[in-house]
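>>> no sequence for this one, just the structure:
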């Protein structure tokens, strides 16, 4: 597997808290803060939530004569409960699906490419908080155009990637089977055979799949400095992850449609600094609504705003919540 894939992933990377090295970690416990009643625990019947974000580009910058313009970005995240098939049984759990599309145009030395379309989609299945949000499987597909490090002409200022990762976990959460598939057709019109590999997981500590981390952050108590482990499908290593720095309490002014009605207010929130792996230079910000009450959590610890750097330091993508629709739980 080519390491250059890592550069491609940085643009739409999973929201992973900064990786830590060595030492034991305490088990992180989660509360169902995505419900109005945060004490529902494993009572997940009737779960339904859809969040929609607009993605805009801020702070554009040039790198080796190259600039990028990202427009018309939309990110959608949908949560529901469903029967989850395990190795030897079926349990009620969560299904979280995301989709993202965005237009991009690159300019090199005054000349621009045609407008391209980046797409990313994912699906992850996991169990309720009573089983520590234990992941069962995930699947993610990328089709994106990644700016190159040192272009010499407009024709080589980006590289196209189209591939997928499927991850299956055993019931004991001791093993992950990863299937990588390069979906880009070769000159003969065919795609390469999938590559399957396995990695051992320490099931005794908290473990999250990359695709559920942003959601799981809503159920964390940041004052307890939560830590857990995750599998980096880019580097094929299991990492211990933790907060890069203490979460900050902030006031966030929001304006979005909530269950069909306009909602604008300055609300209390946490600002959390996160990073991908050990990459100290690349950081991102997640602003999450603060829990208002155990029994009347009106803002459901929603992710309100996300800011993530674009690969090659070409700027930053800002995700802003525009619409939230959820069942009254």
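Received, thanks. Not measured: the values here are computed from a predicted model.

>>> who does residue 73 form a beta bridge with?
residue 55 (DSSP bridges).

>>> give me the number of residues near it?
Residue 73 has 20 neighbours, counted by other Cβ atoms under 10 Å. (Glycine included, C-beta is placed from N, CA and C.)

>>> surely it and residue 55 touch.
Yes - using Cβ atoms under 8 Å, residue 73 is in contact with residue 55, at 2.6 Å.

>>> does residue 97 touch residue 122 like I think?
Yes - judged on Cβ under 8 Å, residue 97 makes contact with residue 122 at a distance of 6.8 Å.

>>> and these two? Which one has more around it.
Neighbours of residue 97 and residue 122, each counted by other Cβ under 10 Å, are more numerous for residue 122; the result is 23 against 17.

>>> residues in contact with the spatially closest residue to the more buried one that is not a sequence neighbour?
Leaving aside its sequence neighbours, residue 122 sits nearest to residue 140 (Cβ to Cβ, 6 or more residues apart in numbering; 4.1 Å). If a contact means Cβ atoms under 8 Å, 6 or more residues apart in numbering, then residue 140 has 120-123, 164-165, 211 as its contacts.

>>> report the beta-bridge partners for residue 140.
Residue 140 forms beta bridges with residue 122, residue 165, as assigned by DSSP bridges.

>>> same thing with the one 5 residues further on?
In this structure, residue 145 bridges to residue 160 when assessed by DSSP bridges.

>>> oh, and call the first residue 41 from now on, that's how I've got it
From this message on, residue numbering opens at 41, which makes the last subject residue 185.

>>> count of residues packed around it?
Residues lying near residue 185 (other Cβ under 10 Å) number 20.

>>> verify the stated contact: it with residue 197.
No - Residue 185 is not in contact with residue 197 according to Cβ under 8 Å; the separation is 9.5 Å.

>>> common neighbours of these two, please.
Here residue 185 and residue 197 have residue 146 as joint contacts, going by Cβ under 8 Å, 6+ apart.

>>> picking that back up, intersection of neighbour lists for residue 113 and residue 95?
Here residue 113 and residue 95 share the contacting residues 140, 142, 357, 359, scored by Cβ under 8 Å, 6+ apart.

>>> buried residues in the helix or strand where the third one lies?
Secondary structure here is read from DSSP states H and E; on that basis residue 357 sits in strand 356-366. When burial is assessed from 16 or more other Cβ atoms under 10 Å, strand 356-366 yields the following buried residues: 356-361, 363-364, 366.

>>> again, but for stretch 270-277
For stretch 270-277, the neighbour count (16+ other Cβ under 10 Å) marks 270-275 as buried.

>>> need those in a markdown table with distance to residue 336, can you?
Conversion of these to a markdown table gives the following (distance: Cβ to Cβ, whole Å):
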| residue | distance to residue 336 |
| --- | --- |
| 270 | 32 |
| 271 | 37 |
| 272 | 38 |
| 273 | 39 |
| 274 | 41 |
| 275 | 43 |
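
>>> secondary structure and pLDDT added to these, as JSON lines?
Formatted as JSON lines, those follow (DSSP: H, G, I helix; E, B strand; the rest coil; pLDDT from 0 to 100):
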{"residue": "270", "secondary structure": "strand", "pLDDT": "88"}
{"residue": "271", "secondary structure": "strand", "pLDDT": "88"}
{"residue": "272", "secondary structure": "strand", "pLDDT": "80"}
{"residue": "273", "secondary structure": "coil", "pLDDT": "75"}
{"residue": "274", "secondary structure": "coil", "pLDDT": "72"}
{"residue": "275", "secondary structure": "coil", "pLDDT": "73"}
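
>>> sounds good, over and out.
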